[in-house]
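Student: turn this into a model:
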Amino acid sequence: MTRRRTALATCALSGASVLALTAGALLLPAAGAATADPAAPSAARAQATAALVARLGDRAAGSYYDTAAHHFVVNITDPSAAARVRATGAVPRTVRHSTAELRSVTATLTRQARIAGTAWAIDPRQDKVVVTVDPTVTGANRARLDALTRTLGDKVVVRRAASAFKPLIAGGDAIWGSDVRCSLGFNVSVNGSPYFLTAGHCGNAASSWSDSQGGGEIAQTVDSHFPGTDYALVQYDDTGSDHPSAVDLYDGGTQEITHAADAYVGEQVQRSGSTTGVYGGTVNGLDATVNYQEGSVSGLIDTDVCAEPGDSGGALFDGDAAIGLTSGGSGDCSSGGETFFQPVTAALSAEGATIP
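Tutor: Numbering: from 1, shown residues only. Here you go, the predicted structure:
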């Protein structure tokens, strides 16, 4: 193999709870594929807003991008901070609950409600912690969760997922282990040598990878993390090959990836996958925790992007920016879903890697 694009793959663990679907040939972009928003904010504006929130400290309570009004909104608990917010071009919004209060809620949930089939994230648009419960949470576990969320009052809103949370997603350029098929996420470099990122639950399942079922080895897993976080670093055997960073768009074209970026609430993003093609959606929460049957994963990006079995490890992106690696979720692309992604910036930092 001389070239590999950055794309998704299917994580299909034989005999495990992760479901398997075969990777398809080129697909036309799905009906849910996101299109470029001409009014989307620049990376510089997003970074400036995040920096402002950090400087305001306890006087700020998060931020988000209002896609209808085409501006960033900064939540504040101190009205005297409004002028500083307006000076950056963002719109101030006074809210009741501070980030510290909402983080205290997530800390309480982490201590007392690590129940498989639950997930939570702070949603600055609601100024609340959104707790999602899947259909597997019943009986004593549901009663325990309901009792806890009642004590947290109006800082929490509870909603139900249509199907169970699973680390099951995958997509484009398939990579094969002996008992698993996953997706290549993003090609990266470490000290000048070529590697790629994929999901940690994929890396845990295979130490050696091929680009075809039963084919020769092309790469080896060198580091893998799941649960807790969900990413793996895989080293190419052929260090002299060209491994460009580009996401497969399934219409005969690719999207070049030039850098990694942090997600922000309200951001319009795309996911590419061999099972479902290209689908888009919105970032709904950051620093999310999801409690899979296999264990808890924290620090995730929570989205309403759909995905289906066969997309694990694949790329979440915004234009030429790498955003996340597909971890898991619930639902499907017929009825809609919720999908969680491992932030790429965290994985790059942990591994000392860069986008080529």
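Student: C-alpha from now on. contacts and neighbour counts both.
Tutor: OK.
Student: residue 162 is in contact with residue 331, isn't it?
Tutor: Yes. Using CA atoms under 8 Å, residue 162 is in contact with residue 331, at 6.2 Å.
Student: these two: who's more crowded?
Tutor: Each of residue 162 and residue 331 has its neighbours counted (other CA atoms under 10 Å); residue 331 has more, 21 against 16.
Student: that one reaches residue 163, doesn't it?
Tutor: Yes. Counting by CA under 8 Å, residue 163 is a contact partner of residue 331 at 5.7 Å.
Student: which strands and helices sit next to the worst-scoring helix or strand of the chain on mean pLDDT?
Tutor: Across the helices and strands of the chain, mean confidence by mean pLDDT, DSSP states H and E is lowest for strand 174-176: a mean of 77. Here strand 174-176 touches strand 181-183, going by 3 or more CA pairs under 8 Å, 6 or more residues apart in numbering; DSSP states H and E.
Student: and the strand it packs on, how far from the chain's centre?
Tutor: Taking the mean of its C-alpha atoms, strand 181-183 sits 16 Å from the chain's own mean (CA atoms, centre = their mean, to the nearest Å).
Student: any idea of the mean pLDDT for it?
Tutor: Across strand 181-183, pLDDT averages out at 81.
Student: which helices and strands sit right next to that strand?
Tutor: Contacts defined by 3+ CA pairs under 8 Å, 6+ apart place strand 181-183 against strand 174-176.
Student: try 10 Å this time
Tutor: strand 174-176, strand 193-198, helix 200-203 (3 or more CA pairs under 10 Å, 6 or more residues apart in numbering; DSSP states H and E).
Student: quick one, which of the ones you listed is nearest to residue 153?
Tutor: Evaluated over the helices and strands packed on strand 181-183, closeness to residue 153 peaks at helix 200-203, with 35.2 Å, by CA to CA.
Student: next SSE downstream of that closest one?
Tutor: Downstream of helix 200-203, the first helix or strand assigned by DSSP states H and E is strand 208-209.
Student: who does the next helix or strand after that following strand pair with, and is each partner parallel or antiparallel?
Tutor: Next along the chain after strand 208-209, taking DSSP H and E as the criterion, comes strand 219-225. When sheet partners are counted by DSSP bridges, strand 219-225 sits next to strand 208-209 (antiparallel), strand 231-236 (antiparallel).
Student: which one of the ones you listed lies closest to residue 79?
Tutor: Per CA to CA, nearest to residue 79 of the strands paired with strand 219-225: strand 231-236, 40.5 Å.
Student: could you check the pLDDT of the residue nearest to residue 50 when sequence neighbours are not counted?
Tutor: Distance criterion CA to CA, 6 or more residues apart in numbering; nearest residue to residue 50, sequence neighbours excluded, is residue 63 at 7.6 Å. Model confidence at residue 63, expressed as pLDDT, equals 97.
Student: tell me who's in contact with residue 63.
Tutor: Taking CA atoms under 10 Å, 6 or more residues apart in numbering, we find residue 63 in contact with 46, 49-50, 52-53, 72-76, 90-93, 123-125, 127, 264-266.
Student: restricted to strands, list those.
Tutor: Among the contacts of residue 63, DSSP state E puts 72-76, 91-93, 123 in strands.
Student: which residues touch residue 346?
Tutor: 229, 231, 260-262, 299-300, 324, 352.
Student: just give me the closest of those to residue 111.
Tutor: residue 299 (15.6 Å).
Student: please give the element, helix or strand, for that closest one.
Tutor: strand 295-303.
Student: neighbouring strands - and their directions - for the following helix or strand past that strand?
Tutor: Once the chain leaves strand 295-303, the next helix or strand it forms, by DSSP H and E, is strand 315-318. Its sheet considered, strand 315-318 pairs with strand 268-273 (antiparallel), strand 321-332 (antiparallel) by DSSP bridges.
Student: next, the angle strand 295-303 makes with the first one.
Tutor: Using axes from the mean of the first three to the mean of the last three CA atoms, to 10 degrees, one finds that strand 268-273 and strand 295-303 are set 120 degrees apart in direction.
Student: now the element after strand 268-273, going C-ward?
Tutor: Past strand 268-273, the next helix or strand by DSSP H and E is strand 277-292.
Student: what would that next one look like as PDB? C-alpha coordinates only.
Tutor: C-alpha atoms of strand 277-292 as PDB (Å, rounded to 0.1, in the frame of the first residue of the first chain):
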ATOM      1  CA  GLY A 277     -21.800   7.800   3.700                       C
ATOM      2  CA  VAL A 278     -21.300  11.400   4.900                       C
ATOM      3  CA  TYR A 279     -23.700  12.800   7.500                       C
ATOM      4  CA  GLY A 280     -23.600  16.200   9.200                       C
ATOM      5  CA  GLY A 281     -24.900  17.600  12.400                       C
ATOM      6  CA  THR A 282     -24.300  19.800  15.400                       C
ATOM      7  CA  VAL A 283     -22.000  19.700  18.500                       C
ATOM      8  CA  ASN A 284     -24.400  19.700  21.500                       C
ATOM      9  CA  GLY A 285     -22.000  19.300  24.400                       C
ATOM     10  CA  LEU A 286     -18.400  19.100  25.400                       C
ATOM     11  CA  ASP A 287     -16.500  17.200  28.100                       C
ATOM     12  CA  ALA A 288     -19.300  14.600  28.000                       C
ATOM     13  CA  THR A 289     -19.300  11.300  29.900                       C
ATOM     14  CA  VAL A 290     -20.900   8.100  28.400                       C
ATOM     15  CA  ASN A 291     -21.200   5.000  30.500                       C
ATOM     16  CA  TYR A 292     -20.900   2.100  28.000                       C
END
